[in-house]
Every structure is written in C-alpha cells, then in structure tokens.
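Participant: Predicted model follows, preceded by the sequence.
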Amino acid sequence: MFLNSWSIALLICGVLVLFLLGLAARSAVRVLLFWDPDSDSNRQIRLENEIWLTSTLVECGLGVQIVSLVVFVLAADYFSQSIVGAMCATGSLLANDFGIPALIVKIGGVFFYGFWIVLHQLDIRSPKYPLVRLKYVYLLLLMPLVVLDLALEIVYIAGLTPEIITSCCAVVFGDAVGGGTNLLSGLTHGMSLLLFYGSALLLLAVGVVLLKTPRPWLSLVFGCLWLGFFILALMTVTTVFSSYIYAMPYHKCPFCLLKPEYQYIGFAIYAALFGGTFMGTSVVVAEPLRSMEGMGDVVSGYRKKAVGVALLFLILFSVLSSYHYVRYLIVGGEG
Amino acid sequence: MLIELEGVTKIYNQGQINEVVALRDIDLRIKEHTLNCLRGASGCGKSTLLSIIGCVIQPTSGRTAIAGLQPARMPDRFLTVHRRRCIGFIFQNYNILPALTVRENITLPLVPLGLSRRAMAERVERLLQQFSIGHRGNFPAGRISGGELQRVAIARALVNDPPPSSWQTNPRPISTAV
Amino acid sequence: MNGGLTKHLNIIDYTLSSLWRRRARNASVLIVFAGVIFLVASFQFVTEALTETALDSLRTAPEITIQRLSAGRQTEVPLDYGEQVASIHGVREVVPRIWGYYFDEVTGANLTVIGVDLERMPLGEKLNLTLAEGEVPEPGASGWVLVGRSIKRIVESKGTAYLSLFRPDLSQASYAITGVFDAVTDVLTNDLIVMDIGDARDLFHISPAAATDLCVYVANLEEVPNIARKIAAALPDARVLTRSQISQTYQVVFGWRSGFASVCLLTALAAFVIFAWDKASGLSPEERREITILKILGWETSDILAVRFWEGALVAGGAFIAGCTGAYIHVAYFDASLFRSVMVGWSVIHPSLRLVPSLQVSTLLLIFCFTVLPYMAATVIPAWRSAIVPTDSALSGM
Ligand SMILES: Nc1ncnc2c1ncn2[C@@H]1O[C@H](COP(=O)(O)OP(=O)(O)O)[C@@H](O)[C@H]1O
Ligand SMILES: [Mg+2]
C-alpha cells in the first residue's frame, strides 16, 4: 500500500532522516580522519565549523524522526480502515511481521539520535572538545539504525495488503473474557497498579537522593530504573489506565489513546513518558564521561538538570495517566 | 595586568608563496584603566595586533592573556563568548549596519547575552544620552552624520561594559560638533 | 537556563526585524511556498472530505448485499432467494431493494433510483434524519419520492411540484416530492431518487416477485463474514457483498487516487525545494557583512544558526497557515474548483457537490510532512554556510 498519502509521508520522513544523517556522517568521516586540535590550518578551522553543521543536521534529523514516529502510528491507524479485522493501529501493526519491529526501531531512533545531541552539548561546553572522536564514532554507528529504520518501514508498508486478516486491540490486549490470545495476562489489576505506583515512588526517591548526594553508581541505578519503569508504564497504561480513559472496561489499547475522541490525551501521556525516560537514561550516557579531562563539572551540571527534568516528567506522566482512573474512583462511572 | 602578550608572532598563509609575517615576537603589557594608542605606518601590523587582542584571530605562536583568559588554540565558540563579555570594537569605518536604526545597532552586542528586554533598553538609553544621540535613536544608521556615526560606534563598543576597548580611530578627539 | 530563554526571545526579535528588512525576498519565498502548501492541502482536504462522506453514508447500509449474476452481468434476484437466506442462522432480516439508474434525456443526467420497502427496512425511520426538508411518508403509501437537491432544482425550474419520469414503454409516471436530502450527504444523494419499492417495480417494469438486490441484516456483526460465506455457498449464482468489502474498496480507491496525486504534487514540491535552496544559499555582500559584524560583536555560530532557523520557521509557519486557510476556503466555499478538471471521476458523477472538509490534526500533520519538513531539510546547509562566514573578513575595515 504505497500509493496513499500516509505511506508517502512516511517515506518522505524516512528519506529526509537518511539524507540529513547521511550528510552528517560524511562530515563525521572527515572529522575522524583529519581532526587535529593543535593545528590552526585551514582544514582544522573548516572541521571546527563542520561541527556546527553536524549538530544542526542531527538536531533536524531528530526533529524529523519524532514527527515520523507520530506519523507512523497515525498511518497504522489509517491503514486499519482498509485491513480486515483491524480497528486501530494495533491491528495494522500486527498485520505482518515488520510492524512492531519498525515501531521499536523508530522509538530507538528517537532515543539514540537524542543521545548524540546530549554528547554534543556536553562536548561543546569544554574548550578542548574532548568528545569529538567519541561522538563522531557514535554518529557513524547510528547509520545502520537509520537504514534499518527506513528498510523496515518499506518492508512493512509493502507487506500490507487489504486481504490480510488481523486482530483488533480487543483481542490482543483484552482480558481472557473472549477466550482470545492475551498478550499481557498474568497480573491482576491491583497487582499491576501497586507495581506501577511503587516503582514510580522508588524512582522519585532515587532521583531526589541523586540530586542531594550524587554517586556514579546511583546514576546507573536511576537510568536502569527508568528503563524498567518505561516498559512497566507502557504495560500499565495499556492494561489498566486505558480502559478508564475509554470508559469501556474491555477496551484496552495503547494506540486508541491518540485519537481525537479522547482529546489526544495519548500524545501528552506518551510525550511525558518518553521525555522522562530519555532524560533519565541520558544520565547513564553522561556519567562515564566524568572521568575525562575537563568534563567533571560539565557532567555534574548536566546530571543535575537531567535528573530534575526527568522527575518533573515522571510526576507529569503519573498525573496524566492516572487522572481518569482517579476520577473514576472519586466520581464513579458516569462522571 | 589586563592584556599580556609574550612573543606573539602572526604569519598569514604560512608555507605558501604569499606568506606574510605580519607580527614578529611582540611583547606587550597593558594595565587596567589606561588609555593607549598604537601608531605605525600603514601595513605594519596594527590591525593584526588588535585582532589578536580582540580574540578575533589567533597568533601563530606566542602566549596571550586577555582579561584573564588565555585564548591560545581555543575553539571559536569560546573566543566569541569571551569577546562579547569583555571586548568592544570600534572600526576605522565603524562597521555600523546602515539598515538598522541607531538603537538597534547599539543593542546588537547585547542580544546573545540573554538580558531581558528592559535591561537592554536601559543600557542602550543610558549610552544614547551619554553620547547625546538620543534624538537619533530611531533613525536608520545610514541616515545620520559622520560624527554621530562615530558616537554610535563608540556607544556600541561600550554597551557590554567591556574592560578593555580596542579603539582604532583616526587620531582626532571624539567630535562633539554635529 | 532562564538566560537561554530570553536570549532566544531576543534572537526572535532580531529575526523578525531582519525578515522585515528583506521583506521583498522573503515575501517571494513565502508566496511560492504558500502556493505549494495550498495545492497539497486542497488535495488532501478534498480526498478526506470525499472518503469521509462516502464512508459515513455506508454506515447505514446493510451488512450484506446480494445480487444475481447472469452471463457475468447483474440481473433481477427472485424474492424466493430471500426466503432461502432468511433461513440461515444469524440472519435478522432480508429486505428486497430496487437499485437502478434512470437516464434523463432532457438534462442528460444519470439519476440513481432506489426503491425501498419502508415497512420492512430496518433503520427506515433513520431516513428522516437525512432530510433537509419534508419527511418520509407512512409505510404503505405510494406515489411519493425523496430527492437530492439537484433534482429538486430541476423540478422547480419547470415550475411544478411533481417529478415526472418515463417507463420503458414511454408512458409517464408522476411522483409528489415529499422530502429533499440534506446537503451534507450530497456526495451520494445529489442525484438520488428514493421511492416506494412498488413504484420502482412499476417504473422499471420489474416483476413483483423480483428485485435488483436483497439487503441482508445480521444480528451479530462478528458473524458477517461467516454468513456471507454460507450465502455464497447456498446461492451459486449470487454475488455477495459485505459492507466492509465495499468500504475497503472505497478506501483503497480514494487512497490510491490521493496517493497518485500526491506523487504528482511532489514534483511541484521538488521544484519548490530547489527554489528554496537557491534563495537561501545566495548570500548578498550586505548579508555577509552583517553576519561578520554580528560575529565580531559576540554572536556565536550557533546564534546565527538560530536566526536562520527562526527565519525558516517563521516563513514556513506563515506559509503553512496561509496555504491551509486558503485551501480550506477553496474546498469548502469554492468546491475545490481548481481541481475540477483534474478529478474527472468525481466531478462527472457529482456535478455540484458540497465538500465539507473536517479539520483534523492528522491531516494537518500530513500536509506538514509533505511541505514544511522538506523545506527545513533543504535550508540546513545554506543556513550553515551563511553562519560560518569567517570573522576576519570584516577586519579589512580596521
Ligand atoms: N587576512 C590576511 N591574509 C594575508 N595577509 C594579510 C591579511 N591581513 C593582513 N595581511 C597583511 O599583513 C600585514 C599587516 O596588515 P594590518 O595588520 O592590516 O596592517 P595595519 O592595520 O597596520 O595597516 C599587511 O602586509 C597585510 O597585507
Ligand atoms: Mg589597519
């Protein structure tokens, strides 16, 4: 199904990211080959200028990648109208083997391009540019991800045909009521809520301690906790919170949240979750750089900021995602 | 010491046929709160020296310390930050942007400092009054007289409260006649 | 952090004044860009509105429609087929329907005639909701018609309140217009005549024991594919259409058309991107001088890049708003008249169709992807080129 606006928009985004990061990779090769901080030859001055080009290109690429993630989910939602059995994005993403991998790689892209920008921001704070080599090697390592992203997208769209029969979100995420396959069974309602709020509180506590008494290992714990919380939060939103937002006990779906019927609340929820997870895990990326010359203060400053922002996002996410649930508890079903 | 140069040498286009040795082995020390004048024949290297003091270009060799910073081999970005904190420029031809108003021209160095709009306006207003060009504030800089232009250039050089000032003017006093 | 924010505000201030100073050049980019966005957005709005209306009207259509094929062409379905189908488990109701086309020689229009059995049709009362004026008569009445707006206009221009049609033997039949369909459903009802099924049989000379198709209503929607399969097995010469098949066909056809048109529009876009690149990369000596002076005065490379970014964002944002607003007006109030000749299929079938584009965030996002993103990507390198103008080129004036 290439010939429709959504597929074309996705391809445009994919090609733009490839173009922008490809250009960035070109200057990465030059920088890695010729970088010489002690020289003031014309070439070195050109390379120093190219650092700005690279960072602008990657920032732009990240922006396009975020847009493309949103477009991908909305496109899947659109495809569901022409696929038998699909009611929303869940169905179309499961319509062939490449939907979910494409989504995961896209999300990974957002995080890994973002980490590059964190490295860059840390790097240019120190007059020696100590991370130049590291960040350009990392940039080159990103290229396979970019290509994989585009390739998965193309294979996914190519594999979509209206004749496919797939399952809708009610079957995939529903309780065992209908007897259908259940992806996330095994936890009761109360258990998952306990786990969710428990780990949110733990995360908050670790974050506050980290702000007060910074320790390298604590940063590591903080980042890993965020990663775990990310997955847990996605599951809890899907299996518990979403049905309160839909006000339908058997409607459990992570994607329908993004629809206009629910005031696009999904965008706010996921933005807060992704923002928090990104800031939280970026602490782990920054931490090992402390030992490098001239980076101690820079990294400490960044960690303070990142942990603070991550905690803000955590609170925002918890409030947004549990709002409908809490309202249901207080006002009741009809409220 | 505000400005210290030791053995500063600047060679343009080193190693090429059009190589120019603009400065050779310059030592220079300048104290705070002094007014200094640099004289010399045309092409002897005055501008080059002032550019090095102003952190616009880097010496080929030698040590410099300008308002506490040792800028040898530092990326452009850090020189720029230093420049906008500590150094004001007045060019021979003033380098005022003719399409902008007098006020906008004087504000330019303040824009990247992240000052609030009020703080910027206050500083600029003070300088406009001090150099008695307040009545020309909203004129395009291309439409005012040479003497006023010179005062705009000086006001712009002082607006970021720079410790040293690389003034390079014709050796005549700041004109007060309009 | 706070300083960073005010710094950006200051830079935006500066950008605005610099955009204004070079208004002639920026306006040319803005106008061309707005034009491109206008085209893309109009097209998107039109397809969206068409698909929306078509799918909407399908919602009240029967779950399964049965037709009979003979020699590969559609013929009458005998009513006893209906009894056979009604005996299948899970079928709620089987209602005969006449669906035909009437060629009006005077106006040259091909009108759609639907004969319904008001007594047996589920959701019959819903028909009232689609009417702008008048109402559906009581079941059992005959001699009435409900018509679309363009037919109403033709009849009114003749100065009567009756619609006259000719039977195959050229005898005349007259019907009283008791209701007119709402403009919102124009895409389907503009040329539509709904009448009693008995009148329709009489008009087309169809035997009382037959219909053109049978509408099958099913109790449990989950069972539709299953029941459709059973019907197909029981009636080998029948064509069985489910609602979702029809809607998917619509979807694919509309999607394909808009996709194809998008590809064409991409050419216009590519031309624009080249234009934008060209405009952005040509640095005039004054601009070079301005950037050099700014850098000497303490602007970093990244500050100049920020100016360039805001310049692009403001131009693109302005063009986006202007283009989308223009497109909305074009589609909603001028019936996408610029596209009339392009969209042959639709314009011939529906001569005076009212399109009501629904402004959805997702549509705007699509238009954004088609226009603003490529523009931004195309201006990165020119912006960077202008930001790295070396500072010492201003020193000649020292
Ligand atoms: N960018 C440059 N590239 C090559 N040569 C230069 C450059 N700038 C200045 N020069 C040369 O360096 C010498 C000193 O120039 P300058 O410092 O401008 O002299 P002054 O300002 O005292 O007249 C001159 O011979 C000039 O031609
Ligand atoms: Mg000179």
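Facilitator: Nice, thanks for sending it over. What you see is a predicted model, and the numbers here were worked out from it, not measured in a lab. Ligands and ions are numbered 1, 2, ... in the order given.
Participant: gap between the residue positioned nearest the centre of chain B and residue B:32?
Facilitator: With distances taken as Cα atoms, centre = their mean, residue B:89 lies nearest the centre of chain B, 1.6 Å away. Here the criterion is Cβ to Cβ, to the nearest Å. By it, residue B:89 lies 19 Å from residue B:32. (C-beta placed from N, C-alpha, C; glycine too.)
Participant: The residue nearest the centre of chain A: which element?
Facilitator: When Cα atoms, centre = their mean is applied to chain A, the residue found nearest the centroid is residue A:107 (4.2 Å). Using DSSP states H and E, residue A:107 maps to helix A:99-123.
Participant: tell me what that helix is packed against?
Facilitator: Contact here means 3 or more Cβ pairs under 8 Å, 6 or more residues apart in numbering or on different chains; DSSP states H and E; on that basis helix A:99-123 packs against helix A:42-79, helix A:89-93, helix A:132-158, helix A:265-286, helix A:296-331.
Participant: Low-confidence ranges, chain B, go.
Facilitator: B:72-73, B:161-178 (pLDDT under 70).
Participant: For it, which residues are neighbours of chain A?
Facilitator: B:58, B:60, B:73, B:74, B:75, B:76, B:77, B:78 (Cβ under 8 Å from any Cβ of the partner chain).
Participant: if we can go back for a sec, I'd like to know which of the helices and strands packed on helix A:99-123 is closest to ligand 2.
Facilitator: helix A:42-79 (22.3 Å; Cβ to the ion).
Participant: anything in the closest one near ligand 1?
Facilitator: No: judged by Cβ under 6 Å from any ligand atom, helix A:42-79 stays clear of ligand 1, getting no closer than 11.6 Å.
Participant: Quick one: work out the angle between that helix and helix A:99-123.
Facilitator: 150 degrees (axes from the mean of the first three to the mean of the last three Cα atoms, to 10 degrees).
Participant: quick one: pLDDT of residue 38?
Facilitator: Assuming you mean chain A. At residue A:38, the model reports a pLDDT of 75.
Participant: could you do chain C instead?
Facilitator: Looking at residue C:38, the pLDDT reads 91.
Participant: and the helix or strand harbouring it, how far from the chain's centre?
Facilitator: Secondary-structure assignment from DSSP H and E places residue C:38 in helix C:23-58. Relative to its chain's centre, helix C:23-58 lies at 12 Å (Cα atoms, centre = their mean, to the nearest Å).
Participant: Now do the same contact list for the residue nearest to the centre of chain A.
Facilitator: A:69, A:274 (Cβ atoms under 8 Å, 6 or more residues apart in numbering or on different chains).
Participant: next one: residue C:375
Facilitator: Counted by Cβ under 8 Å, 6+ apart, residue C:375 has contacts C:33, C:272, C:273, C:276, C:312, C:316.
Participant: How about residue C:391?
Facilitator: With Cβ under 8 Å, 6+ apart, residue C:391 has these contacts: B:56, B:57, C:292, C:295, C:296.
Participant: Could you grab the helix/strand/coil label for the second one?
Facilitator: What that stands for is residue B:57. Three-state assignment for residue B:57 (DSSP: H, G, I helix; E, B strand; the rest coil): coil.
Participant: which one of the helices and strands packed on helix A:99-123 is the most hemmed in?
Facilitator: Most buried of the helices and strands packed on helix A:99-123, by mean neighbour count (mean count of other Cβ atoms under 10 Å in any protein chain shown): helix A:89-93, with a mean of 27.
Participant: Looking at the residues of chain B next to chain A, which are in helices?
Facilitator: Mapping the residues of chain B next to chain A onto helices (DSSP state H) picks out B:76, B:77, B:78.
Participant: Pick the one among these closest to residue C:365.
Facilitator: Of all these, residue B:77 has the smallest distance to residue C:365: 35.5 Å, by Cβ to Cβ.
Participant: my guess is the closest one contacts residue C:300, does it?
Facilitator: Yes: counting by Cβ atoms under 8 Å, residue B:77 touches residue C:300, with 5.5 Å between them.
Participant: Between these two, which has more neighbouring residues?
Facilitator: Neighbour count, other Cβ atoms under 10 Å in any protein chain shown: between residue B:77 and residue C:300, residue C:300 has more, with 22 against 18.
Participant: ok, now how distant is the more buried one from residue A:331?
Facilitator: Separation of residue C:300 from residue A:331 (Cβ to Cβ): 53 Å.
Participant: Likewise for residue A:212?
Facilitator: According to Cβ to Cβ, residue A:212 stands 38 Å off from residue A:331.
Participant: Ok, residue C:287 next?
Facilitator: Counting by Cβ to Cβ, the gap from residue C:287 to residue A:331 is 60 Å.
Participant: Just list what the helix or strand containing residue C:66 packs against, helices and strands only.
Facilitator: In this assignment (DSSP H and E), residue C:66 forms part of strand C:64-70. In terms of contacts (3+ Cβ pairs under 8 Å, 6+ apart), strand C:64-70 is packed against strand C:73-75, strand C:77-78, helix C:79-86, strand C:213-218, helix C:224-234, strand C:238-242.
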